[in-house]
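Engineer: Next one to model:
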Amino acid sequence: MSLVQTLLSQLEATLLYIAATVSHFEADILHIPPSLRFFTAGAEPDLHFRQAFLFVLAPLHAFVSMPLSDLLLGRCDPEPRSHGLRRYGTWFLWYLVMFWVATLIVGAPDMYAEQKELI
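Structural biologist: Residues are numbered from 1 along each chain as shown. Have a look, this model is predicted:
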């Protein structure tokens, strides 16, 4: 097994662990209704992997790649750090809501199919 395959399998295992942890937190601790959860309960690992990737992508883009692009493009203002943190935090919330809505739209047909099977 090559180094790249090992890293990819570790990434997949990590994202599946994040999906299982957040899914447990949503379902058992917060008691969020199934139609509003970020992670679909009882879904196949491929769907959990995609949902966890979007869940991790929001803070990665908001707090790493956006400040880095601002730094490289010379758009860093001499503002206090709290202003930048507030700006990037706002972007993080926008990304998280956008990915959550995308997850709901993609997962909606599966959820309705499960409800029809129960009836």
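
Engineer: Now do the contacts for the residue nearest the centre of the chain.
Structural biologist: Nearest to the mean C-alpha position of the chain, by Cα atoms, centre = their mean, lies Phe55 at 0.7 Å. Phe55 sits next to Ile18, Ala19, Val22, Phe38, Phe39, Leu96, Phe99 when contact means Cβ atoms under 8 Å, 6 or more residues apart in numbering. C-beta coordinates here come from the backbone N, C-alpha and C atoms, glycine included.

Engineer: can you give me phi and psi for the fifth one?
Structural biologist: Put plainly, it is Phe39. The phi and psi values for Phe39, taken as degrees, to the nearest 10, are phi -110, psi 130.

Engineer: Could you report the neighbour count for it?
Structural biologist: 23 (other Cβ atoms under 10 Å).

Engineer: quick one on the thing from earlier: state the pair within the contacts of Phe55 that is farthest apart.
Structural biologist: With Cβ to Cβ as the measure, no two of those lie farther apart than Ala19 and Leu96, at 15.2 Å.
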